[in-house]
Structures are given as structure tokens and as C-alpha cells.
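**Q** sequence first, then the predicted structure, then my questions.
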Amino acid sequence: MYAESSLDFDGSIRAKSIRERYQEQERMVLCKQACLSSETKGRLYPIEPCSIRTPFQRDRDRIVYSKAFRRLKHKTQVFLSPMGDHYRTRLTHTLEVSEIARTISRALRLNEDLTEAIALAHDIGHTPFGHAGETILNEIVPGGFSHRRQGLRVVEVLENGGRGLNLTYEVRDGILKHSKGFGDIIPAEPSEWACTIEGRVVRIADVIAYLNHDLDDAIRSKVIHEEDVPLKCKEVLGRDHGTRISTMIKDVIASTRVVDGEMLIAISPHVYEAMTELRTFLYDNVYRAPEVHTEFEKARKLLFDLYEYFLKDKDAFVSESTRMFEEKTLIDDAPYERRVCDFIAGMTDRYAQNLYSKIFMPSPLV
Ligand code: MG
């Protein structure tokens, strides 16, 4: 039903592929500032075009089929190895970011496929135990560590037996530029912006997702209570989880403007202020809460011990990392410390805990 005859460049008649027809639709439907899949800067290693999917749809699939993506389901968001089934993990966080980012993208007539691919990959470089893992690796690994840079390393090198996922430039750029810790929700410095508007949408969707679900999980865990939420946040953003997300998404869509031909993703001043206040509230009362911080310190020690152990025992590193990745994947020419870091960063919470027990805890003879 999609085949349609057209004249090719050399005058011969051929049927347009589904992808080509879809790319024509992109040109007709998307706004001028959107990133068209037909205009991608491409991949490190060029591949034959797919007859059905655009390059960005293909990237999305490559990410979803990757092992690093599947491991996100057993990585901490905030609450370590949560026992309750309803706490977010890094995977459910990723899915919420994707939904929020796609809603904003579609409303602004941006490329939803590109947005989705960036969102699904944005946290693929996260360590076990959330920011506890990131902090300790940054302290001990020569050259430091950040989940953004690690995300790029996962998709460029580590996945697929050392060959990487060979994603398009725009998706890789979006992974690298998606966050900057406790920096401004919308960075003032353009060099921090993703090269596509879709990448900038993911960055803001990430903040909207975690502000809301970390608050929701913190209330679920009774670290805080709904009545502790600052009054201004409730008045401006809403008094329940769904209303607050909706307020933020609608505000981004309504506040975004095109100035001199450039789309500036924006939040209105009063919502921006309330979001900033909510974030400070979460830092002071959740992320630094004794219940959370005590577990954070234990996780740091666990990963520190594993790192030191594998630095000293190369044979153990080769056999354990091959077992975890199901292949000899760490074969690039990076320094040994970086390869051990790749291994630790790739672990899930439960894998790290089991490995720690196996190495450091006594077990009875059978
Ligand atoms: Mg995130």
C-alpha cells in the first residue's frame, strides 16, 4: 500500500520505499527547526539505508535491543535496590523521560523519533547504585567519570562486543549533552546545549521526570510526606503527582518561542522558580536524608572495594567481565583502569552485590 511509482534521478521508474515516504512526511509535517532524519550527519561507519525505518527509528531499535539498555532495569534511580515493586528504577525513569519528551516534541512538531532515541539512551552510561556509583568512580578513576561520557562510550565502543551501536551523530550528541548535575535546569551557556532542539527537549524532560518521580518515591518510602512539599511548589505546580507533571509539560510547550528563526525551549519564570525550589527541597530532604545517605555510603565502599580488587587481579577481571558482558567486550586500547571502570559501571546493583559477596564474604563449605 505504500509503494508509489516515481521517476528516479536517471529517469527510470521505481517504487518509493516506506522510509522515503515517511521522510517526505517529515518534511511536510515537522517545523523548520526540527531535525529531519534525511539530513542526519550520519554514523561513524556508514550503513545501507533501511527500506522501512529512518536512521533515528533505527537508532531507537538498536538502543532497545542492547544489553546495556536491559541492565537499566536493575540499576538504582535514587532508592538503592528497592524492595518495593513500585519504586522507579533507571529503566522506568528512562521510559518516563521518553514519554514526557515525546509529548513535548510532538506538540512542538519536532522529530519524535529522534527525541525518543535520545531519551531511551540518555542514561545508558549510569553506574549501579545511582549517583553513589558515579561519585566514587569519579573520585578514584584516573581522568574521572561521568555518566554522560560513559553513555557515549557504551554506544560508541562497549556494546556489541567492542564495536558499539554505531548511532547517528545527533543521538550521540544528545546523550553527551543531556545533563549537568545541579546546574541550571535550562543552561544559559549555549555550548552546553545539544546540537538539536530534540536533544534540548530530552534534557528538560529528564528534569521534569526525576523531580516528579523522586518526590513520589520519597513519599512512598516515607522519607518525606506530602505535607512537607513547599507550599509554593504546590500552589504553582499542583497538589498531586499527575497535576505537577502536566503543569510542567504544558508550561514548556506554551513558553517555547521561535526567535530569529531559532527555537528556544523555555519555562515561564514562576514555574521555573517553583521547579528550582522543588529540586532544592529534594536535595536537602531526600538525596541527603540520613536513610538515603547511609545506603549511599555503603554503596560507595562496595564499588571502591571491587575496583581495587580488579585493579590488582587482572585474571579475575578478564574472567568476571567476560562472564558479565557475555563476551570479551573490553578490547579497545583504553588504559587498564578505564577498562575496570567500564566493567564496574556496567554492573547492575544486584550483580555488584552478588559479586561482592562472592569475593569478600565467607561462604560455608558444602
Ligand atoms: Mg536521566
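**A** Perfect, thanks for sending it.
**Q** got the residues of the protein near the ion?
**A** Listed as neighbours of the ion in the chain under the rule Cβ under 5 Å from the ion: 123, 206. For every residue, glycine as well, the C-beta is placed using N, CA and C.
**Q** for the chain, which segments count as strands?
**A** With DSSP state E as the criterion, the chain has strands at 5-7, 13-15, 257-259, 262-264.
**Q** state the distance from residue 315 to residue 336.
**A** Distance of residue 315 to residue 336, given as Cβ to Cβ, to the nearest Å: 13 Å.
**Q** do residue 43 as well
**A** 29 Å.
**Q** tell me which of those two has more neighbours.
**A** A direct count of neighbours by other Cβ atoms under 10 Å for residue 43 and residue 336 places residue 43 higher, at 18 against 12.
**Q** how much space separates the closest residue to the more buried one other than its chain neighbours from the ion?
**A** Leaving aside its chain neighbours, residue 43 sits nearest to residue 166 (5.0 Å; criterion: Cβ to Cβ, 6 or more residues apart in numbering). According to Cβ to the ion, to the nearest Å, residue 166 stands 23 Å off from the ion.
**Q** list phi and psi for residue 166.
**A** phi 50, psi 60 (degrees, to the nearest 10).
**Q** how many residues are close by it?
**A** Residues near residue 166, counting by other Cβ under 10 Å: 18.
**Q** equivalent analysis for residue 195, please.
**A** Using other Cβ under 10 Å as the criterion, the residues surrounding residue 195 number 15.
**Q** residues contacting it?
**A** 169-170, 173, 177 (Cβ atoms under 8 Å, 6 or more residues apart in numbering).
**Q** same thing with residue 68?
**A** Contact analysis of residue 68 by Cβ under 8 Å, 6+ apart lists 124, 154, 158-159, 346.
**Q** okay, now stretch 163-170: how far is its last residue from its first?
**A** Distance across stretch 163-170, first residue to last, is 19 Å (Cα to Cα, to the nearest Å).
**Q** about what we covered before: ok, the residue nearest to residue 43 touching residue 45?
**A** Yes. If you go by Cβ atoms under 8 Å, residue 166 and residue 45 touch, sitting 5.2 Å apart.
**Q** for the residue nearest to residue 43, give its distance to residue 144.
**A** Counting by Cβ to Cβ - residue 166 and residue 144 are separated by 26 Å.
**Q** try residue 253
**A** The separation that residue 253 has from residue 144, given Cβ to Cβ, amounts to 36 Å.
**Q** how about the helices in the stretch 101-250 of the chain?
**A** In the stretch 101-250 of the chain, helices defined by DSSP state H, counting those that start in this stretch lie at 112-121, 130-140, 147-153, 159-162, 169-176, 197-220, 231-237, 241-255, listed in chain order.
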